[in-house]
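*Asks:* predicted model and sequence follow; I will ask about them next.
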Amino acid sequence: MQFENLSPLTQILLVFGGLVVLFLAVIANNNRNKSKRKPRNTRAFKERLKAKREEKEKENA
């Protein structure tokens, strides 16, 4: 079955349906990426750096 054989209304509906599916996939992926990134926001870079430096100082001393 070829796309050109369908009526113009059906073609338009299929195109919009495909766009909706792609839009929902992007939204789902965006939410998944946000949930992966969320724990990183709670970490403080300065605190981790300070802890690592103190750890190295204890090992060297």
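*Replies:* Structure received.

*Asks:* so where is the protein shaky, pLDDT-wise?
*Replies:* Along the chain, the parts satisfying pLDDT under 70 run over 1, 38-42, 61.

*Asks:* tell me which helix or strand comes right after the lengthiest helix in it.
*Replies:* Longest helix of the chain, by residue count under DSSP state H: helix 8-42. Tracing the chain C-terminally past helix 8-42 and defining elements by DSSP states H and E, one meets helix 45-60 next.

*Asks:* and Gly17, how far is that from Asn33?
*Replies:* For Gly17, the distance to Asn33 (C-beta to C-beta, to the nearest Å) stands at 25 Å. In this view, the C-beta of every residue, glycine as well, is placed from N, C-alpha and C.

*Asks:* count the neighbours of Phe3 for me.
*Replies:* Other residues lying near Phe3 total 9 when counted by other C-beta atoms under 10 Å.

*Asks:* which ones are touching it?
*Replies:* Residues near Phe3 by C-beta atoms under 8 Å, 6 or more residues apart in numbering: Gln11, Leu14.

*Asks:* mind redoing it with 7 Å?
*Replies:* Residues near Phe3 by C-beta atoms under 7 Å, 6 or more residues apart in numbering: Gln11.

*Asks:* if I look at it, how far off is Lys46?
*Replies:* Going from Phe3 to Lys46 by C-beta to C-beta gives 57 Å.

*Asks:* same check, this time on Val21
*Replies:* According to C-beta to C-beta, Val21 stands 44 Å off from Lys46.
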